[in-house]
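**Q** sequence and predicted structure, then a few things I'm wondering about:
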Amino acid sequence: MREEKLFKGKTLAILSGGGDTPAINSSIESVRNRATMLGFKVYGIKRGWKGLLGDGDVVDLTQKPYNPLYGGTALRSSRTNPFPSKKNPEDRVPQVMRNLKRYGIDVLVTIGGDDTNGAAKRLYEQEGIPVIGFPKTIDNDLRTLTWHEFNGKKIDAVTCPGFPSAALGVADFAARLKTTAESHARIMVMEVMGRDAGWLTGTATFGGASLSLIPEVEMNKERKEHFFDLVQKAYKESPDGALIIPVSEGVRWYNEQTGKTDVVYASTEQDEYGHARLGGVSGTIASEISAKLKIDARAQITGYYPRSGMCSAYDRRMTQALADKAVDLLLREDYGKMPVLNKVCNFDELEEYNCSAIDMGKIGNRPLPEEYFDAETLCFTPMYKDFLTHILGENYTYPTFHTDFPKVAPKE
Ligand code: F6P
């Protein structure tokens, strides 16, 4: 039997770092399968960069069964930063270099957001490690230079693996909250992950939400007053006598006591990339709505729910298309790049010819484009709706039940 594989004898290793998403296993499996076909031996590095420290923690993925649809990451994750940070001033790059050599790793595929891929880019530039980045984040705020055209306007948007699955979770969460909110004529302030950007918060509008708060629009003293006016009006006009208000965990909210406009922290302890844990702003907002408008309001944190569970069909197909592109980079030994979607597209357009590769130097944080959110009405725009319709599909809908039973008068 002839075995003329292009990269026979070479080893590719995959790692995943940062917050998990439901699409990481699909990315790992897709890259693994394609690289194996080219003749690579494929390793998995456990717990992100952590698996390349100390003695190393590396497993063999070649020809092992792998469930691509199961959420999370079978390689596990961590927020380990090999470069010195406030939390860990030690430079652990020499450990990474040593282990790459010890395990005979020739190429690295790093599945991550801005932090993990930022570190990968530095390793590529400073140490010359052959690296290919692979995007992931439920927050969808990793710059991918994916263009979106709508009504003659063309902007650079983002479509990141993990976001489509999480979007389904958020939209479904909002649609479910609506039924209990309607029963009690309440306002539900629904907190959604999104430290720096409101991409994911907007997906609640596909579950029946309208007014929203996002990190990109600071809620200072004046804007807060405007928000309360909008809430009162929207509640009064709501056909079902209830409101779902999605808010990003990273929204900056004016604090009457301190006189400052800031985010709400769940813990001020920072990780190795300098991020503290956010959470709890929905509680503050709900109490203030109740106190100010005398409307029953409750807070609900969606938390890890949207980040959990199975990989969606859109994410599955997108990760496969991006893996095709990653393999194209491998074939050409074109490192320091990350495969991305060229344009915001429908499910059946998720193909390699709609992917390209961007220089990892170009990645970074991409806030929600201003064309997607109206800071005056605090509502997502038709252009955002078009963006999300490409991902969730034309037929995505949620149940409604408008009750207009005729009133019965007493007999006497
Ligand atoms: O992956 C990004 C993210 O989803 C942020 O929105 C959130 O602040 C963070 O993860 C929280 O993750 P963890 O609690 O796992 O550190």
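**A** Sure, I can see it. Numbering: from 1, shown residues only.

**Q** spell out the secondary structure type for the residue of the chain found nearest the ligand.
**A** Nearest residue of the chain to the ligand, counting by C-beta to the nearest ligand atom: residue 19, 2.4 Å away. C-beta coordinates here come from the backbone N, C-alpha and C atoms, glycine included. Following DSSP: H, G, I helix; E, B strand; the rest coil, the label given to residue 19 is coil.

**Q** correct me if wrong: it contacts residue 114.
**A** No - Residue 19 is beyond contact range of residue 114, at 11.2 Å (criterion: C-beta atoms under 8 Å).

**Q** overlap in contacts, those two.
**A** When C-beta atoms under 8 Å, 6 or more residues apart in numbering defines a contact, the residues bordering residue 19 and residue 114 alike are residue 137.

**Q** tell me the contacts of the residue of the chain closest to the ligand?
**A** Here residue 19 is in contact with 77, 113, 137-138, 307 (C-beta under 8 Å, 6+ apart).

**Q** ok, which residues in the stretch 101-250 of the chain are in contact with the ligand?
**A** By C-beta under 6 Å from any ligand atom, the residues of the stretch 101-250 of the chain that approach the ligand are 137-139, 193-195, 249.

**Q** the longest helix seen in the chain packs against which elements?
**A** When the chain is scanned for its longest helix (criterion: DSSP state H), the result is helix 163-183. In terms of contacts (3 or more C-beta pairs under 8 Å, 6 or more residues apart in numbering; DSSP states H and E), helix 163-183 is packed against strand 187-192, strand 243-248, helix 313-331, helix 382-392.

**Q** farthest pair within the residues of the stretch 101-250 of the chain next to the ligand?
**A** Farthest-apart pair in these is 137 and 249; separation 14.0 Å (C-beta to C-beta).

**Q** out of the helices and strands packed on helix 163-183, nearest to residue 164?
**A** helix 313-331 (4.1 Å).

**Q** the closest one packs against which elements?
**A** Short answer (3+ C-beta pairs under 8 Å, 6+ apart): helix 313-331 packs on helix 24-38, strand 131-135, helix 163-183, strand 337-341, strand 355-359.

**Q** quick one, strands of the stretch 1-150 of the chain?
**A** 11-16, 41-45, 58-60, 107-112, 131-135, 146-150 (DSSP state E, counting those that start in this stretch).

**Q** for the fifth one, give the mean pLDDT please.
**A** Strand 131-135 comes out with an average pLDDT of 98.

**Q** and that strand, how far out from the chain middle?
**A** In terms of C-alpha atoms, centre = their mean, to the nearest Å, the gap separating the centre of strand 131-135 from the centre of its chain is 16 Å.

**Q** now do that strand against helix 24-38, angle only.
**A** Interaxial angle of strand 131-135 relative to helix 24-38 (axes from the mean of the first three to the mean of the last three C-alpha atoms, to 10 degrees): 140 degrees.

**Q** and the angle for strand 131-135 with strand 146-150?
**A** Strand 131-135 runs at 30 degrees relative to strand 146-150, counting by the same axes, to 10 degrees.

**Q** what do you get for the fourth one?
**A** Compare the direction of strand 107-112 with that of strand 146-150 by the same axes, to 10 degrees and you get 50 degrees.

**Q** spatially nearest residue to the most centrally placed residue in the chain (excluding sequence neighbours)?
**A** For the chain, the residue sitting closest to the mean C-alpha position, by C-alpha atoms, centre = their mean, is residue 138 at 1.5 Å. Once flanking residues are discounted, residue 138 sits nearest to residue 166: 3.8 Å by C-beta to C-beta, 6 or more residues apart in numbering.
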